[in-house]
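Colleague: pasting the sequence and the predicted model now:
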4 protein chains.
Amino acid sequence: MSKAVQTAVLGVTGYSGAELARLLVRHPHLAGKSPVFVGRVEPSGIALGEIHPQLIDSRGTGSLRVQPFSWEILADREVEFLFLATPHELSREIAPEARKRGIRVIDLSGAWRLEATENRAVYGFEDEGSVAALQAQAEAVYGMPELHRSEIHGAGLVANPGCYATSVILALKPLIAAGLVDLNHGIVCDSKSGVSGAGKAPTAKTHFMNAADNLSAYGVFTHRHTGELLEQLGVESESITFTPHLLPIPRGILSTIYVRFGKRQTNASIEACYREFFKTSPMVRFTGTRLPQIQDSVRTCYADIGFNLAKDGHRAVIVSCLDNLLKGAAGQAVQNLNVMNGWGESEGLE
Amino acid sequence: MSKAVQTAVLGVTGYSGAELARLLVRHPHLAGKSPVFVGRVEPSGIALGEIHPQLIDSRGTGSLRVQPFSWEILADREVEFLFLATPHELSREIAPEARKRGIRVIDLSGAWRLEATENRAVYGFEDEGSVAALQAQAEAVYGMPELHRSEIHGAGLVANPGCYATSVILALKPLIAAGLVDLNHGIVCDSKSGVSGAGKAPTAKTHFMNAADNLSAYGVFTHRHTGELLEQLGVESESITFTPHLLPIPRGILSTIYVRFGKRQTNASIEACYREFFKTSPMVRFTGTRLPQIQDSVRTCYADIGFNLAKDGHRAVIVSCLDNLLKGAAGQAVQNLNVMNGWGESEGLE
Amino acid sequence: MSKAVQTAVLGVTGYSGAELARLLVRHPHLAGKSPVFVGRVEPSGIALGEIHPQLIDSRGTGSLRVQPFSWEILADREVEFLFLATPHELSREIAPEARKRGIRVIDLSGAWRLEATENRAVYGFEDEGSVAALQAQAEAVYGMPELHRSEIHGAGLVANPGCYATSVILALKPLIAAGLVDLNHGIVCDSKSGVSGAGKAPTAKTHFMNAADNLSAYGVFTHRHTGELLEQLGVESESITFTPHLLPIPRGILSTIYVRFGKRQTNASIEACYREFFKTSPMVRFTGTRLPQIQDSVRTCYADIGFNLAKDGHRAVIVSCLDNLLKGAAGQAVQNLNVMNGWGESEGLE
Amino acid sequence: MSKAVQTAVLGVTGYSGAELARLLVRHPHLAGKSPVFVGRVEPSGIALGEIHPQLIDSRGTGSLRVQPFSWEILADREVEFLFLATPHELSREIAPEARKRGIRVIDLSGAWRLEATENRAVYGFEDEGSVAALQAQAEAVYGMPELHRSEIHGAGLVANPGCYATSVILALKPLIAAGLVDLNHGIVCDSKSGVSGAGKAPTAKTHFMNAADNLSAYGVFTHRHTGELLEQLGVESESITFTPHLLPIPRGILSTIYVRFGKRQTNASIEACYREFFKTSPMVRFTGTRLPQIQDSVRTCYADIGFNLAKDGHRAVIVSCLDNLLKGAAGQAVQNLNVMNGWGESEGLE
C-alpha cells in the first residue's frame, strides 16, 4: 500500500463536510494520517462529535478537534490535499492561495466549475478578472473522473461537480458523445432532490412544514447547475431544459431525462453505448432497462443509470440516481482524491 | 335551494370512496338525503366509522351502514345517481345495467373513459364488442367539466377522468386548443403522485419501507392514462411522453410539463390564453408565473396551474398540482354531479 | 339561526391562525360576517391567499386582507370577539386593553392559562403584579369546555389550553375526578407531537433534516404545559411526569398515559367512568378499548381517547390523540366561541 | 490477525438479513472468506443484488448467490458459524440440528431467548418439551454482550435479543443492578420503533398510507419482548409496563423510560453508575444528561443512552436509542460473533 497522504477539510460542519469526514477517517490509504479539520466560524476546538453525534465511534472519530483555520496549521501538519466544503466566495479566496503554497485543492463549491465567463455570471463573483482568479480558473479541472480522469490525475485544482449536474451529465454524456441524440429536438431534464441539497441553514424552504408532504419546482430556467450541463455536454442553451424539484426526503437525487434519437435505436444499441462508455468507471452502476430508484443509491457513492426506450425507437427516458452528498459531493471528492493519487478509483467508497 | 337528489356509492372502502362519502354527507344540496352506501365484499352492515374512523362525527356519519349491494336496495331507496368507486371490470358490469334502470352513473374507474378501441386495449376488457358495452360506451361522456360541461349536464354515464390525466390535460388543453404548441417538437409530461394513487391493497410497492425516503419512475411509455391524454388533447402517440413517479407522500400530484411554442410567446400571451380558457371554471386556480406546489392543492378540490417561460419565448415549463383523491377522483365526481344537476359547479367542494 | 357576531383574529400568519381563518369563514353562525384579520408585522394589506395559498377558494377567502392592527379598526368593525393567536407577551398586553373596551377575548397563547404565580414563573412575564394583569388573570377562565363549560359561557377572557395539556387533561380528568387513580404511585404522560407544534419560525429543530426520520424527547421535567396539568388535575408536581417528544409528522399529538388504580378495575368500570364524564361533550370521541391513532384525529376538531387495562386490573395505559392545531388550538378556540354564544358546541367544527 | 472463520446466513432476504450480509462481507476478520448465503424459499441461485440492489458494489457483493439451504452445503463449505435470520418456528427446527453438527449458531429470532416456559408461551412453540428443544434451550445464552460477555464467548447457541428488549434492558440494567430503582413504584417503558421492525411482508399496518403521518400504540400489556425484560432485569410482571409504538420512519428505536429511585440521586451518582457498568462495552455510547435522539444511532451499531433527573432527585427519565436492524439485530449478532471468537468487540461494526 502506498504512503498515506495528509489531507485537510475546511468546512466540516455542513452536510457534505460530515460525509467527507466519515469517508476520510475510514479511507484505507489514509490509515494512520488523521485528516486535519479546520473551520472559520466554528467555536475554537469543538469536537467533531459535538457537531455530528452520529460520527462518535470507538476509534475516537468524535473526539477529533475542529481547529480555527490558518495557513500555519496547514503548513505545520504538512497538508498536501485540501478539501473545501465552503461557500463559493470563500473557495474563490482560499483556493488560489492554497495553490501558491503548493497544496492540491478539491473544491466542492461552484467556484471553479465553469469555464465560460457568461456561465459564471450567475454566481456574481467579485474577483472576476483578477490575476489570482484567472490563474486558478486556468488550471481548474472539472472533477468528474468518468469524463476527465487523466486531467484530474495531475490537477492542482479540481472543481468537484454540482450534484444535479453529476446526475444529468453522467446520464447524457455517453449518448451525446456517440452522436445519437437529436439536439434539435431538445432535451428535458426533470430532476428531484432531497432537502439536504438546500443546505443546513434553517429557512422557510427547509422548514419541515414546508418540505414534508410536498413537492415543488424551483429555479426553472435559472438554476446555477445549468452552465455545467452546457459546458460538459457541449450543447446550446436552447437545446436543454432543466427543472429541479425539492423532494420530501433527506437525501438523494433522481433525474428523469427525455431524449430523442436521430436514428432508430434498440435496447441493445443503447446498452452497448453505455457499457462502452463506463467500462472503466467503477462508481457508475448501469442497470440497463431496469430503472434505478433513489433508495438504491442513497448512502452509496455510486451513480445508477437505467433507461427505457419507446416502441418507436426514437424516444428514450433515462433515469439517473445518486446520493447528492456522496456521488454528488463528498464521495466524488474522495474519488477525485483517489484519481489524483493513482489509487484504485473506488478505494474507501464502498 | 333545489330538491335534494338521492345518491348511492358502490365501493366506499377505498380511498376515493372515503372522500366521496365525506363530500356527499356534507353537500349542501343533499341535506336531508343520506347517501346510500353499498358494497360487494364488505361485511354486511358494517358501519362507515369502522372502516374509516376519521369519518366519525357528531352528526352520525360514522354510524351510516354499508349494505350489501343489490338492485333492489337502489330501487327501494329511489337512487337517481350512482357513484362507482370500483375496479374497472366491475364498472363494466354495473354501469350498463344501471343505465337500463334509469340510474345516472358517475364512474370513477377507467372502464368508460376511452373512445378508441386500441386505447382501451391496455385494460383487456372481456366484454369488448358486446351490445351492452357498446351502448354504454356510446353514451359515456369524459367527465372533465372544464372541457365537456354541456355534454356532462345531460349525460347518463359520466366517465370520471384519471388523476394523472386530469393534471396533464387541464394544463395542456388551453395551449393546444389555442394552437400555440409545436407538436412536432414533442411534449414531455413528468408526473409525480403520492402513494394513495397506488390503491389500498398492501403490496411491495406500497410498503412503507419501499415508498418512504424514495422516488421511482414506473409505467414508462405504458401507463394506462396515456390514452386519455391522446384522446382529450388530440395528439399523436409519438408527440407526447408521459412518465409517472411514485412520491413518498400520502396524496397529491404534481406534473411538470414541457412544451415548445411555434411562435415566440410572452408571459402575458400565455396568461391570457389560460385565463380565457378557465374563465368559467371555478375548480381551477390559475396562478400565473407563481408555480403551485403540492401542499397548496392537497385536501382541496382544486387544480392549480402555473407556468414559467424561457427567455427565448419558445419553451415553457407548466406545473400542475391537484389532490389525486379529490380533483383527481372524488372531488371531480361531485363536480360532475353538480353539473349534471345544474347546481353551482363548486357546491360542496370548498 | 341566531344573529351573527363580529369576530377578529390577531396573528393569522401562523399555523393556528390559518386554521382559525379556515374555521371562521365557514362557520354557519358567522355567515355574512367576514372575520376581521389584523396583524402587527405583516405587510400592510397583504391578502390571506398570499400567506396561505391553500385558503384560496371560489368564495374569495384568499382575497381577504390582513390589515395593520389598531383599536380603531376593531371599533369601526364593531368586533365583539377577538382571537389572539399571538406570542405570550403580546397577549399579556392586548387582552387587558380589549377587556376594557368590552371585547370578549379568546387567547390561544399561554398568557392567561395558569392561576398560581409559581406555575407562571416559567414564562417570565414582566408585567406580573400590575393591576391590569391581575384583573385580567382574575377573570380568565381555562377554556376547556369539557371541564368548565358554564364558566366559559359568561367569560370575558378565555385562556385556550395548550395542545399537550388538552390531550393529557381530557384523558386523565375523568379517572382522577372519580377518585380511581392512585396518585402516590405517580402518573406518567409520554406525549408526542408533530412539528407544527414547534411553530413557523425556521430553526435548527424544525429543519427538515433534523425533524425527518427522527424522534427526540425535549423539555423533560421543564415543559411549560406542566403547570396546566397540575392546576387542572389537582395533583402535586411529584405525582406526574410529563415528557414531550418531537415526531416527524406535520401535525397531531398522541399521549400515552400510565396510571395505577387504588382498587381493581374492569374494562366496564373504566368505560362507564369515561362515558359518564363525556356524555354531553360532542368534541370527545371515546373509543373504549380500541386505541386511537394520530391519523384518525388529524384534521378533525375531536379528541380521541381509548384505554387498555392490564390483567391485574390495577394498571391502565390510556391513549389520547388530537390535532394540535385544531382541538389543541384553533378548533378548541372556536368551540369556546360556540359555548360563549350558547350555540351548539360542535357548530362549524365538523 | 486471527484466521478467518467460515460463516453462513440463512434468511438473507429480510431487512436484518441484508444488514448481516453488509456487515459480514466487510468484516476485517472475515476477509477472504465469503459468507455462505442460503435460503429456503428464494428462487434458486438468485443474486444478492437482485434482492437488495443497494448491496451491489465493485467488489462483487451483488453477485454473491443465495443458494437453496441444505446441510450438505454447510458441510461442504465447512461453516463454523450459522446466523439464523428466520421465523421463530424455523429457528426452533434448524438450531438443534446445527448444534448436533457442531455448528455454532447465532439466532436472531425469538426462538431461544426466554428461559421460563410461561414466558415462552406467547410464541406457542409446538415442540415445547421435546428433547431437542430442551437441550438447545439449556445451552442457549442470551446474546447481550454487555450483560453476558463471558457466557457468550464459549456458547454454542446465542439467542440474539429483541430490538425493543435491547433498548430497554441496556438502559435499565445498570440502575437495577446497583439497587437504585424502587421497583414497588413501577417502571414505565414507552418505546417507539420505525416500520422495519414490523417486517418485510406487505400488510395493512406497513402500508405507507397507514404508517406515514401517523403514530400508534400496539401490543399494550402483551408484546412478546416483555418476557425478555422480566428475565434479564429480574423484575416482576406487575413492576414494569412496556408499550411499543409504530413510528413513521424506516428504522430506529427510541425508548423513554421512567423510574423512581429509593434514595435521592444526583446527576453525578447516576452518571457514575452507568459509566462503571459500561466501562468495557464499546457498543454503548453513554451521553450523560444530553439525551440521544434516533438520528444519532440510526445506521450505527451503537446503543445511545442518556438521562434527565427531576429536581426532587427521585424521578428520572432515561432515553435509549438504537437502530433496530443493527444494535437491535444484525449489529448485535456480529458483536456476538466477535465475542465468540475473542476478537475486538467492535470489529467490523464502525
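Modeller: That came in fine, so what should we check first?
Colleague: only C-alpha atoms from now on, for both contacts and neighbour counts.
Modeller: OK.
Colleague: tell me the contacts of residue A:132?
Modeller: Each residue near residue A:132 by C-alpha atoms under 8 Å, 6 or more residues apart in numbering or on different chains is listed here: residue A:96.
Colleague: same check on residue A:104?
Modeller: Residue A:104 neighbours (C-alpha under 8 Å, 6+ apart): A:80-82, A:98, A:155-157.
Colleague: quick one: contacts of stretch A:285-294?
Modeller: A:252-254, A:267, A:271, A:274-275, A:302-308, A:319-323, B:213-217.
Colleague: give me the number of residues near residue A:131?
Modeller: A count of nearby residues for residue A:131, using other C-alpha atoms under 10 Å in any protein chain shown, gives 11.
Colleague: roughly how far apart are it and residue A:86?
Modeller: Noted for residue A:131: a distance of 22 Å to residue A:86, by C-alpha to C-alpha, to the nearest Å.
Colleague: next: residue A:50.
Modeller: 20 Å.
Colleague: SS state for residue A:321?
Modeller: strand (DSSP: H, G, I helix; E, B strand; the rest coil).
Colleague: I'd say it and residue A:257 touch.
Modeller: No: using C-alpha atoms under 8 Å, residue A:321 makes no contact with residue A:257, being 11.2 Å away.
Colleague: ok, is stretch A:221-233 in contact with chain B or not?
Modeller: Yes: for stretch A:221-233, a contact with chain B is found by C-alpha under 8 Å from any C-alpha of the partner chain, at residue A:221.
Colleague: can I see the domain layout of chain A?
Modeller: A:7-161+A:329-341, A:163-326 (automatic domain parsing).
Colleague: higher neighbour count, residue A:321 and residue A:257?
Modeller: Between residue A:321 and residue A:257, counted using other C-alpha under 10 Å, residue A:321 has the larger neighbour count: 36 against 24.
Colleague: would you mind listing what in the stretch 51-200 of chain A touches chain D?
Modeller: Proximity of the stretch 51-200 of chain A to chain D is confined to A:53-54, A:57-58 under the rule C-alpha under 8 Å from any C-alpha.
Colleague: and chain C, which of the contacts of residue A:104 contact it?
Modeller: Counting by C-alpha under 8 Å from any C-alpha, nothing from those sits close to chain C.
Colleague: hmm, stretch A:50-57 in reach of chain C?
Modeller: No: on the criterion C-alpha under 8 Å from any C-alpha, stretch A:50-57 is out of touch with chain C, staying 11.5 Å away.
Colleague: so for that stretch, what gets flagged as buried?
Modeller: Buried residues in stretch A:50-57, counted by 16 or more other C-alpha atoms under 10 Å in any protein chain shown: A:51-57.
Colleague: quick one: which of those sit in helices?
Modeller: The helices, defined by DSSP state H, take in residue A:51 from these.
Colleague: what's the closest of the buried residues of stretch A:50-57 to chain D?
Modeller: residue A:54 (4.4 Å; C-alpha to the nearest C-alpha).
Colleague: list the contacts of the closest residue in space to residue A:239 that isn't next to it in sequence.
Modeller: Excluding the flanking residues, the one nearest residue A:239 by C-alpha to C-alpha, 6 or more residues apart in numbering or on different chains is residue A:186, at 4.4 Å. Taking C-alpha under 8 Å, 6+ apart, we find residue A:186 in contact with A:238-241, A:259-260, B:185.
Colleague: how about the residues of the stretch 251-350 of chain A that lie near chain D?
Modeller: Counting by C-alpha under 8 Å from any C-alpha, the residues of the stretch 251-350 of chain A that sit close to chain D are A:282-283, A:295-297, A:300, A:346, A:350.
Colleague: measure stretch A:325-345 end to end?
Modeller: 18 Å.
Colleague: and that stretch, how far out from the chain's middle?
Modeller: Centroid separation for stretch A:325-345 versus its chain: 9 Å, with C-alpha atoms, centre = their mean, to the nearest Å.
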